[in-house]
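Fold the following and give me the result.
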Amino acid sequence: MPEHPPQSPPSSQSPPSSQSPSPGQPPPRQVVEIESPEQHAALAHPLRQRLLFSLGHEPATISGLAVRLGTAKGNVAHHLKVLRTAGLVRVAETRKVRGGTEQYYQRVAERMAVAEPRTEGTAAMLGAVAQELGRSPQTTLSLRHVRLSPDKARELAETLARLVDEAEEDADGQPVHGVLVALYEQVRPDADRP
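Okay, here's the model as predicted:
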């Protein structure tokens, strides 16, 4: 999932570090498998995808997310509730701030693996990526169709996944870049004919 550069939340306190979990809170899992209908439904909205992108490197508050994503706090709160109900985000920390309570949300896993992608979730993710590309000062987008045997397609998929997995992150404070990799077999026009 692509990531967008984090911005400071509007509160005077800094967000909890993603490197050290809050007391009593386990660190995010490496991967969560998307399997349930609730999880698939939660992924079928571009704003929920963008919320997941934004929570990829550090926890954030509703106010911070609203500013970062350019939308209303009520909208963020609603979509976070859907993601939380689906088990995709959690409250990482709660703090008392200026007489109120502030909750920092975090993804439950660094990555979400969708073994059987659904059209609605894929469309929402691609829509969210398109929105992020439109806001990004630096983008690279490439689409190529190439003829490959099943073995070569599998080898290319493994190479691309390895390349992304092995990319080393720079220190905190550096811009976050999104990387989207897709390899799919194009359906031949005559495949639908009897």
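
any idea how far the residue most central in space within the chain is from residue 132?
Compute the mean C-alpha point of the chain, and by CA atoms, centre = their mean the closest residue is residue 53, 3.1 Å away. Going from residue 53 to residue 132 by CB to CB, to the nearest Å gives 7 Å. Yep, even glycine has a C-beta here, placed from its N, CA and C like the rest.

Between the two ends of stretch 107-127, how far is it?
With CA to CA, to the nearest Å as the measure, stretch 107-127 spans 20 Å from end to end.

now do stretch 60-80
Using CA to CA, the distance between the terminal residues of stretch 60-80 is 11 Å.

Looks to me like the residue nearest to the centre of the chain is in a helix.
Yes: going by DSSP: H, G, I helix; E, B strand; the rest coil, the assignment for residue 53 places it inside a helix.

so where's the chain shaky on pLDDT?
In the prediction, the chain carries residues with pLDDT under 70 at positions 1-28, 191-194.

All the strands of it, residue numbers only.
29-34, 89-97, 100-107, 109-114 (DSSP state E).

and among those strands, the most buried is which?
strand 100-107 (a mean of 18; mean count of other CB atoms under 10 Å).

quick one, that one and strand 89-97 angle?
In this structure, strand 100-107 runs at an angle of 150 degrees to strand 89-97, with axes from the mean of the first three to the mean of the last three CA atoms, to 10 degrees as the basis.

And strand 100-107, what does it pack against?
Helices and strands in packing contact with strand 100-107 are listed as helix 62-69, strand 89-97; criterion 3 or more CB pairs under 8 Å, 6 or more residues apart in numbering; DSSP states H and E.

now the last one, how far from the centre of its chain.
What that stands for is strand 89-97. Chain-centre distance of strand 89-97: 19 Å, with CA atoms, centre = their mean, to the nearest Å.

Neighbouring strands - and their directions - for that strand?
Based on DSSP bridges, the strands next to strand 89-97 in the sheet, each with its direction, are strand 100-107 (antiparallel).

how about the helices and strands packed on strand 100-107 in TSV, adding distance to residue 33?
As requested, the helices and strands packed on strand 100-107 are exported to TSV (distance: least, CB to CB, whole Å):
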stretch	distance to residue 33
helix 62-69	25
strand 89-97	16
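
nearest to residue 38, of the ones you listed?
Closest of the helices and strands packed on strand 100-107 to residue 38 is strand 89-97, at 12.9 Å (criterion: CB to CB).

circling back to that earlier point, could the strands of the chain go into JSON lines alongside distance to residue 123?
Below are the strands of the chain laid out as JSON lines (distance: least, CB to CB, whole Å):
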{"stretch": "strand 29-34", "distance to residue 123": "15"}
{"stretch": "strand 89-97", "distance to residue 123": "21"}
{"stretch": "strand 100-107", "distance to residue 123": "21"}
{"stretch": "strand 109-114", "distance to residue 123": "13"}
